[in-house]
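Participant: What shape does this take:
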Amino acid sequence: MFKDRELTIALKIILMLLLIVSSIWFVISIQWVIKLFVFSLLIVYLIAPAVSYLEDDYHFAHLFAVAIVFLGFFLFCLLIISLLFPVISEQYQELAANFPHHLNRIQEYIEHIAQTFIHLNLGRIFNEVLAALPDTLGRVFDQLAEFSLTLVLGLIDLFFILFIVFYLLYDFTGVKKGPLRIVPARYRSHVQRFISIFDVSIGGFIRGLLLRGLVVGILTWIALLIVGMPYALLLAIIAGIFNIILYIGPYIAAVPAVLLSFSPAAPSPLLIIILYIGIQVFDGLVLAPLFFGRTVNLKPITVIIAILIGSQLAGLLGMIIAVPIAGALKKIMEIIQDEHPLKPTN
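Facilitator: Sure, this is the predicted structure:
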């Protein structure tokens, strides 16, 4: 009798492990589909309020409101691409043509720095960095040469994303209520409350993040034009895109601008560094409180850890959604703590 019970427990453990392994394998196998769905969901969170606005204020039929908002979003993306792509392509080609010259200038500065620190026994380190720099930048440049193939694959993903966005936008309420159908009735009110928290946290964060990135990109573009920086639009787009990664992104975006500032046609590196720092100070003091408010009330260290975990789990997409998810989880934990406070032990 005792052996039969042990055998039953062992079989249950084995079946549980097989179920976990199979679930992980299944998720990894369909990660492309998951990423498309998550990207589509983020877009829907961005434009869904416009559908509600048309329905509530102008009494549009649901399908008509969805069609108008989706068409407007599609035309807006098409307009942005048609306006920016030729300029970006021109600046990209110019940068590619002048890349060897920029590389030589960077090498000269590194050699100068190496000579400066030679008495501190840091010359060998800088020389090693200098020797490895052409190969490192060459590999990066080779990867940039594959941009056309990546663009084609991106257009295919874009087609599927637009297709998913339309149907998610049409049945967004039903999609959010879907998880409630498998939850026992006595827990549905709590689950509905938690879903609402994620809904507000993710929706508000995504809209604030994109608006903040747009403003930072425009400010960077104007500032770089004023100081006479080459490739101003390309660098501004990089700044706006990487600004969606809180705390870490702005520093990554500043690297290409600082490197290009060593070119004779560019202003001094110190001026570019001051410019980027000034924009980030304005972003932190004005834009972040304006667009985020208390949507994500997290400490900087929590945000950084969430971003790092998200990057390991899902790359750039994980870095974007990790922060609002962490903010929502914090709010849920606060609610649980308020409803069921820990009693002090005697």
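Participant: Give me the distance between Leu275 and Val286.
Facilitator: Using C-beta to C-beta, to the nearest Å, Leu275 is found at 16 Å from Val286. Bear in mind the C-beta positions are built from the backbone N, C-alpha and C, glycine included.
Participant: what about these two, which has more around it?
Facilitator: Leu275 (21 against 12; other C-beta atoms under 10 Å).
Participant: Can you give me the buried ones in stretch 158-167?
Facilitator: For stretch 158-167, a neighbour-count test (16 or more other C-beta atoms under 10 Å) marks Ile161, Ile164, Val165, Phe166 as buried.
Participant: Kindly report the same for stretch 70-85.
Facilitator: Phe70, Phe73.
Participant: contact partners of that stretch?
Facilitator: Ile43, Ile47, Ala50, Leu162, Val165, Phe166, Leu169, Leu233, Ile237 (C-beta atoms under 8 Å, 6 or more residues apart in numbering).
Participant: Try it again at 10 Å.
Facilitator: 43-44, 46-47, 50-51, 88, 158, 162, 165-167, 169-170, 233-234, 237 (C-beta atoms under 10 Å, 6 or more residues apart in numbering).
Participant: Now do the same for Tyr170: its pLDDT.
Facilitator: On pLDDT, Tyr170 comes in at 92.
Participant: Oops, could you answer that again for Thr220 instead?
Facilitator: For Thr220, the model assigns a pLDDT of 95.
Participant: do Ile277 as well
Facilitator: 94.
Participant: and it, helix, strand or coil?
Facilitator: Of the three states, Ile277 takes helix according to DSSP: H, G, I helix; E, B strand; the rest coil.
Participant: Out of the buried residues of stretch 158-167, list just those in helices.
Facilitator: Using DSSP state H, Ile161, Ile164, Val165, Phe166 are the members of those that sit in helices.
Participant: wait, which of the buried residues of stretch 158-167 is closest to Ile241?
Facilitator: Ranked by distance to Ile241 (C-beta to C-beta), those are led by Ile161 at 17.0 Å.
Participant: Now that closest one: closest residue in space that isn't a chain neighbour?
Facilitator: Ser40 (5.1 Å; C-beta to C-beta, 6 or more residues apart in numbering).
Participant: That neighbour and Phe166, how far apart?
Facilitator: 9 Å.
Participant: and if you look at Ile68?
Facilitator: 12 Å.
Participant: And for Leu46?
Facilitator: 14 Å.
Participant: Check Ala288 too.
Facilitator: Taken as C-beta to C-beta, the span from Ala288 to Phe166 is 32 Å.
Participant: ok, now Val87?
Facilitator: Taking C-beta to C-beta, one finds Val87 at 30 Å from Phe166.
Participant: Same question for Ile320.
Facilitator: Distance from Ile320 to Phe166, by C-beta to C-beta: 22 Å.
Participant: Ile309 now?
Facilitator: 32 Å.
Participant: Likewise for Phe37?
Facilitator: In terms of C-beta to C-beta, Phe37 sits 13 Å off from Phe166.
Participant: where does Thr150 land on pLDDT?
Facilitator: 57.
Participant: Skipping adjacent residues, who's closest to Ile309 in space?
Facilitator: Ile309's closest residue in space is Ala322 (C-beta to C-beta, 6+ apart), at 6.2 Å.
Participant: Pull the number of nearby residues for that neighbour.
Facilitator: 23.
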